[in-house]
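# quick one: sequence plus predicted model below, questions after.
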Amino acid sequence: MTIRDILDELKKYPCTQVCVTGGEPLVQKETPRLIDSLLKKNYTVCLETNGSWSIQKLAGKQSLILSLDIKCPSSGSHEQMDMTNITYLSQQDQLKFIIKNKEDYQYAKKILAQYKPRCPVFFQPVWGTDAQKLASWILHDGLSVRLSLQLHKIIWGPQKGV
């Protein structure tokens with residue numbers, strides 16, 4: 001779809017917020033132009049990015065929320081992260097770690113201690129792992145993070161797209 005097609009499609013819905021996601025949206029060279037077009041049309045936009053591409057040119061735009069994932073060791077992709085992205089996040093943005101095991105949890109804690117993000121931080125268990133265990137680690141360590149669960153999978157099941 002062209003950017004014009006996307007904007008026309010959005011007119012069909014009574015929405016004011018748009019989430020740009022899917023794999024890594026910044027791989028698409030037109031994504032920054034799409035975001036700017038949405039912002040000009042007064043949408044609030046959330047860009048969900050996996051952290052492997054720089055967000056520097058997007059940081060600080062009004063009505064744009066950057067949702068940055070940091071891959072942990074169990075993903076096998078943690079060394080592909082552009083960690084300087086954390087420094088571009090503002091209080092309106094969010095940082096998310098997808099955590100499978102204790103090694104991932106310790107890795108996330110280390111990143112938080114090193115970069116001290118200014119935005120809300122979410123710890124989300126990998127789907128199918130023990131959310132109670134992650135919650136207990138967070139509580140035990142007194143971390144100032146939010147536990148995030150994939151509600152769409154809890155409500156509709158892991159196979160249904162939303």
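Structure received.
# for this structure, give me the ranges with low pLDDT.
The chain contains residues with pLDDT under 70 at 160-162.
# show residues contacting the longest helix along it.
Under DSSP state H, the helix in the chain containing the largest number of residues is helix 102-115. For helix 102-115, the surrounding residues in contact (CB atoms under 8 Å, 6 or more residues apart in numbering) are 70, 72-74, 78, 83, 86-87, 97-99, 121, 123, 134, 137, 141, 143, 145. Where you see a C-beta, it was placed from the backbone N, CA and C, and this is true even at glycine.
# residue boundaries of the strands in the chain?
According to DSSP state E, the chain carries its strands in the segments 17-20, 44-49, 64-70, 94-99, 121-125, 146-147.
# for the residue nearest to the spatial centre of the chain, which residues are in contact?
Ranked by distance to the mean C-alpha position of the chain (CA atoms, centre = their mean), the top residue is residue 67 at 3.3 Å. By CB under 8 Å, 6+ apart, residue 67 lies in contact with 46-49, 93-94, 96.
# got it, and residue 33?
Counting by CB under 8 Å, 6+ apart, residue 33 touches residue 3.
# so how far is residue 20 from it?
Residue 33 sits 11 Å away from residue 20, going by CB to CB, to the nearest Å.
# distance check, residue 87 against residue 59.
Where residue 59 is concerned, residue 87 sits at a distance of 9 Å (CB to CB).
# what do you get for residue 131?
Going from residue 131 to residue 59 by CB to CB gives 31 Å.
# so between these two, which is more surrounded?
Neighbour totals were compared for residue 131 and residue 59, and residue 131 leads with 19 against 15 (other CB atoms under 10 Å).
# wait, doesn't that one sit right on residue 149?
Yes: if you go by CB atoms under 8 Å, residue 131 and residue 149 touch, sitting 6.1 Å apart.
# give me the common contacts of those two.
In contact with both residue 131 and residue 149: residue 125, using CB under 8 Å, 6+ apart.
# done for today, thanks.
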